[in-house]
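# Pasted the sequence and its predicted model underneath.
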Amino acid sequence: MKKPKKPPYGQSNFEKIRTENYVYVDKTRFIEQIENEANSYHFLIRPRKFGKSLFLSMLRHYYDICAIDNFEKLFGDLYIGKNPTPKRNSLFVIRFSFSGLDTNSIERFEISFTAAIRSSIDSFLTQHSSIIENYIALKEKLESRNNVRAFIEFAFDIIESYKRKAFIIIDEYDHFANDLIARGTNLSESDYKELIWANGVVRDFYETLKYNTEKVIDTIFITGVTPMMLDDVTSGFNISNNLSRKEKYNEILGFTEEEVEFVRQEVGIDKSLLKIDMEYLYNGYKFHLEAENKLYNSAMINYLFNEIIDEGEKFEHLIDLNLKTDYGRIKKLLNKPQNIEILEKIIENTRIPAKVIDRFSIDKIHDSQNFLSLIYYMGLVTIDKDEKGKPLLVIPNYSIKTMYWEYMENILRDLNPQMIYDPHIIMEGLSSLAFDNDYEPFFAGFLKNFVSQISNRDLMDFSEKNVKFLLLSILFQNSYYLPVSEPENSEGYVDIYLQRRRYLFPKITTDWVWEIKYVKQTDAEKRHVITKAKKEAKEQLKRYKMSNLFKDRNDVRYLAVCFIGKKKYWIEEIK
């Protein structure tokens with residue numbers, strides 16, 4: 001019987017994956033495609049945890065001269081092992097990574113950036129110690145250098161002495177820029193411009209590379225999450241081959257449906273253990289309008305299979321918390337009301353027409369069009385289909401949607417700082433709903449902890465949509481149900497559908513469909529307004545009961561819920 005392989009969750013070392021019984025999805029065919037490009041200086045953007053570092057590790061082991069003896073072991077059964085290119089294991093590879101830099105001041109950033117370059121050159125010498133003569137003495141000479149340009153030129157002089165060329169890898173090229181701008185650290189935008197546009201260390205780095213493309217550099221491969229710095233660094237280095245949105249590179253990272261099935265078989269997971277809809281939870285990414293296949297985030301799949309192997313069919317956490325883009329990263333981008341409105345439309349399942357921008361400068365990141373492009377590159381929306389020449393952007397899957405509801409809760413808290421709630425009351429209410437089919441404790445707690453705390457000023461603009469947003473921001477953080485907002489059925493769109501996680505909590509017997517109405521405080525005494533809202537809610541639920549989604553189901557219960565101002569609510573169950 002074939003020994004099951006391990007899902008490479010959290011692993012980005014190609015050699016370790018290939019030699020320690022991890023499953024590897026073969027992406028080596030893209031080496032051939034990339035070498036056939038007219039330009040040798042490549043740029044690839046993909047969302048976080050999409051497999052960029054593993055791809056770069058694969059490139060390093062394929063091209064690096066010091067890995068030549070391991071070629072057959074690492075690549076023999078893969079596409080490129082059977083179809084090698086002339087450049088395999090013929091170059092000196094130098095890898096740079098710009099994660100973890102100190103962005104608290106210009107001085108500290110320059111020190112940490114320079115140290116990162118020196119460390120990369122030091123690692124280059126160590127990794128090539130079997131080839132480079134007197135590498136220890138050269139490491140000592142490296143210490144006498146004191147700036148970015150000198151470190152890089154030192155390495156290039158060594159490579160030239162062996163009559164070879166260099167393959168330059170730059171991982172997370174934009175990591176520090178995202179920290180500087182999106183997280184709003186102490187460095188201002190003007191500081192950023194000084195480092196990138198003037199005579200700062202970042203400009204020095206790219207100018208040194210540009211100069212050496214005429215002498216020692218054969219190929220450069222750069223990855224990141226956003227194109228925010230692309231315009232800013234092109235003045236120092238011309239990156240002309242952006243692979244990110246070319247149709248033929250749609251599948252360069254991430255997994256297709258077929259590749260997910262390959263991983264499942266390789267790790268030995270029985271299909272009967274997959275009691276979830278993986279496509280709904282994790283699939284949906286497209287990086288070109290005409291791309292044939294939608295993609296899964298590979299880290300999500302490796303996390304899922306790792307959890308099933310460890311916990312069996314009753315694994316609890318559907319979403320890897322390490323994949324979440326924290327609220328602080330986008331908070332600064334929401335300083336324009338229209339950007340919050342865009343976020344609300346996306347959450348409401350609205351497909352947003354937008355032209356995805358290939359690159360934009362720091363000066364333009366707050367513009368609404370660039371905001372949409374930025375969250376596209378971050379993986380928070382993806383390409384759905386075409387409308388009048390523009391792609392429609394949509395949330396790719398349920399996992400990403402849970403992030404949005406957390407963002408909305410944070411936004412609502414920012415707008416209502418006086419709001420304080422007791423999470424114990426909410427959780428007890430959800431427990432009563434799930435295990436006792438008793439909905440009163442949850443709604444009573446929700447009214448007390450949320451609706452009643454809305455300020456009278458904000459209450460004037462409060463609407464049914466706001467109530468739904470508050471409800472869903474709570475429900476998306478529970479373990480008992482998968483909340484679905486606005487699921488389409490033959491009779492319209494349900495406000496909230498709570499689908500129980502029956503494989504994890506078999507004692508929960510009921511799914512719920514809620515139709516939510518809200519009557520403003522100014523209309524709280526107008527009986528005809530309240531009567532109309534109640535009637536509409538009940539009629540909608542009766543239609544939903546007969547829809548293709550719920551017809552003939554005996555495990556679903558239906559609630560018409562009407563909040564009246566900030567003090568009252570009314571509930572009726574539709575039998």
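Ah, there it is.
# all contacts plus neighbour counts: C-alpha atoms, from now on.
OK.
# Next, Gln499: secondary structure please.
strand (DSSP: H, G, I helix; E, B strand; the rest coil).
# That one - how many residues pack around it?
16 (other C-alpha atoms under 10 Å).
# ok, now Ser473?
Ser473 has 22 neighbours, counted by other C-alpha under 10 Å.
# my hunch is that it is in a helix, does that hold up?
Yes: when three-state DSSP is applied, Ser473 is found to be in a helix.
# For it, give me the pLDDT.
Note on Ser473: pLDDT of 85.
# Skip the chain neighbours and tell me the closest residue to it.
Computed as C-alpha to C-alpha, 6 or more residues apart in numbering, the closest residue to Ser473 that is not its neighbour in sequence is Trp405, at 4.7 Å.
# Could you list the buried residues of stretch 405-415?
Trp405, Glu406, Tyr407, Met408, Glu409, Asn410, Ile411, Leu412 (16 or more other C-alpha atoms under 10 Å).
# How far off centre is it?
19 Å (C-alpha atoms, centre = their mean, to the nearest Å).
# Report the rounded mean pLDDT for it.
For stretch 405-415, the per-residue pLDDT averages 76.
# Please render the buried residues of stretch 405-415 as CSV that adds distance to Thr531 to the earlier fields.
Compiled in CSV, the buried residues of stretch 405-415 are given as follows (distance: C-alpha to C-alpha, whole Å):
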residue, distance to Thr531
Trp405, 31
Glu406, 33
Tyr407, 34
Met408, 30
Glu409, 30
Asn410, 33
Ile411, 32
Leu412, 29
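# Now, those that are in strands?
Of the buried residues of stretch 405-415, none are assigned to strands by DSSP state E.
# Give me the domain ranges for the chain.
Split into domains by automatic domain parsing, the chain comes to 19-244, 257-322, 324-394, 428-574.
# ends of the second one, how far apart?
So that's domain 257-322. Length of domain 257-322, first residue to last, C-alpha to C-alpha, to the nearest Å: 23 Å.
# and it, how far from the chain's centre?
15 Å.
# And Ser272, how far from Tyr280?
For Ser272 relative to Tyr280 (C-alpha to C-alpha), the value is 17 Å.
# Looking at those two, which is more packed in?
Neighbours per residue (other C-alpha under 10 Å) separate Ser272 from Tyr280, with Tyr280 holding more: 12 against 7.
# Name the residues that touch the one helix or strand the more buried one maps to?
Per DSSP states H and E, Tyr280 falls inside helix 278-282. Helix 278-282 has contacts (C-alpha atoms under 8 Å, 6 or more residues apart in numbering) with Tyr296, Asn297, Met300, Ile301, Pro396, Asn397, Tyr398, Ser399.
# Of those residues, which is the most crowded?
That'd be Tyr296 among these, by other C-alpha under 10 Å, with 27 neighbours.
# Quick check: the gap between that one and Glu251.
Taking C-alpha to C-alpha as the measure, Tyr296 falls 10 Å from Glu251.
# quick one on the thing from earlier: out of the contacts of helix 278-282, what pair is the most spread apart?
Ile301 and Pro396 (14.6 Å; C-alpha to C-alpha).
# could you list every residue that touches the closest residue in space to Leu138 that isn't next to it in sequence?
Excluding its sequence neighbours, the residue lying closest to Leu138 (C-alpha to C-alpha, 6+ apart) is Leu125, at 7.9 Å. Contacts for Leu125 (C-alpha under 8 Å, 6+ apart) come out as Ile132, Tyr135, Leu138, Lys139.
# Put together CSV for these, with neighbour count and secondary structure on each row.
CSV is the format used below for those (neighbours: other C-alpha atoms under 10 Å; DSSP: H, G, I helix; E, B strand; the rest coil):
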residue, neighbour count, secondary structure
Ile132, 17, coil
Tyr135, 18, helix
Leu138, 16, helix
Lys139, 16, helix
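# how distant is the helix or strand where Gly445 lies from the center of its chain?
Gly445 is part of helix 440-449 when elements are defined by DSSP H and E. Between the centre of helix 440-449 and the centre of its host chain there is 33 Å, according to C-alpha atoms, centre = their mean.
# What residues of it count as buried?
In helix 440-449, counting by 16+ other C-alpha under 10 Å, buried: Pro441, Phe442, Phe443, Gly445, Phe446, Leu447, Lys448, Asn449.
# where along the stretch 201-350 of the chain do the strands fall?
Remark: strands assigned in the stretch 201-350 of the chain by DSSP state E, counting those that start in this stretch are 217-224, 241-242.
# so how far is Met300 from the residue sitting nearest the centre point of the chain?
Nearest residue to the geometric centre of the chain (C-alpha atoms, centre = their mean): Gly379, 4.3 Å. Using C-alpha to C-alpha, Gly379 is found at 13 Å from Met300.
# just Tyr439 next, same as before
33 Å.
# Inside helices: which ones of the buried residues of stretch 405-415?
Trp405, Glu406, Tyr407, Met408, Glu409, Asn410, Ile411, Leu412 (DSSP state H).
# Roughly how far does the residue nearest to Ser473 sit from Phe469?
Taken as C-alpha to C-alpha, the span from Trp405 to Phe469 is 8 Å.
# where does the stretch 51-200 of the chain have low pLDDT?
Scanning the stretch 51-200 of the chain for pLDDT under 70 picks out 180-199.
# could you redo the last one with a cut-off of 90?
99-110, 134-135, 143, 146, 172-200 (pLDDT under 90).
# how about the strands in it?
Under DSSP E, counting those that start in this stretch, the stretch 51-200 of the chain gives strands at 92-97, 166-171.
# okay, those in CSV with distance to Asn178 and mean neighbour count next?
Formatted as CSV, these follow (distance: least, C-alpha to C-alpha, whole Å; neighbours: other C-alpha atoms under 10 Å):
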stretch, distance to Asn178, mean neighbour count
strand 92-97, 14, 22
strand 166-171, 14, 22
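# and the ones you listed as a markdown table, adding distance to Glu313?
Output for those, formatted as a markdown table (distance: least, C-alpha to C-alpha, whole Å):
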| stretch | distance to Glu313 |
| --- | --- |
| strand 92-97 | 38 |
| strand 166-171 | 36 |
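# what sits against the residue lying closest to Leu412 once chain neighbours are set aside?
Nearest residue to Leu412 in three dimensions, chain neighbours excluded: Leu470, at 7.9 Å (C-alpha to C-alpha, 6+ apart). Contacts for Leu470 (C-alpha under 8 Å, 6+ apart) come out as Glu409, Leu412, Phe450.
# so how far is Ala115 from Leu470?
46 Å.
# thinking again about what came up before, give me the mean pLDDT for the helix holding Gly445.
91.
# pull the CA atoms of that helix into CSV?
Extracted C-alpha coordinates of helix 440-449, given in CSV (Å, rounded to 0.1, in the frame of the first residue of the first chain):
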residue,chain,number,x,y,z
GLU,A,440,-35.3,34.7,22.3
PRO,A,441,-32.0,34.8,24.3
PHE,A,442,-29.9,35.6,21.3
PHE,A,443,-32.1,38.4,20.0
ALA,A,444,-32.6,39.9,23.5
GLY,A,445,-28.8,39.9,23.9
PHE,A,446,-28.4,41.4,20.5
LEU,A,447,-30.8,44.3,21.2
LYS,A,448,-29.2,45.0,24.6
ASN,A,449,-25.6,44.7,23.5
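# Just the residues contacting it, thanks.
If you take C-alpha under 8 Å, 6+ apart as the criterion, helix 440-449 is touched by 419-422, 425-426, 428-430, 432-433, 471, 566-569.
# try 10 Å
419-433, 451-453, 467, 470-471, 474, 561, 563, 566-571 (C-alpha atoms under 10 Å, 6 or more residues apart in numbering).
# Quick check: bridge partners of Ile222?
Beta-bridge pairing for Ile222 (DSSP bridges): Phe43, Ile170.
# If I follow the layout properly, it ends up in contact with Ser240?
No: with contacts counted by C-alpha atoms under 10 Å, Ile222 stays clear of Ser240, the gap being 11.5 Å.
# does Glu572 sit in a helix, a strand or a coil?
Under the three-state scheme (three-state DSSP), Glu572 adopts strand.
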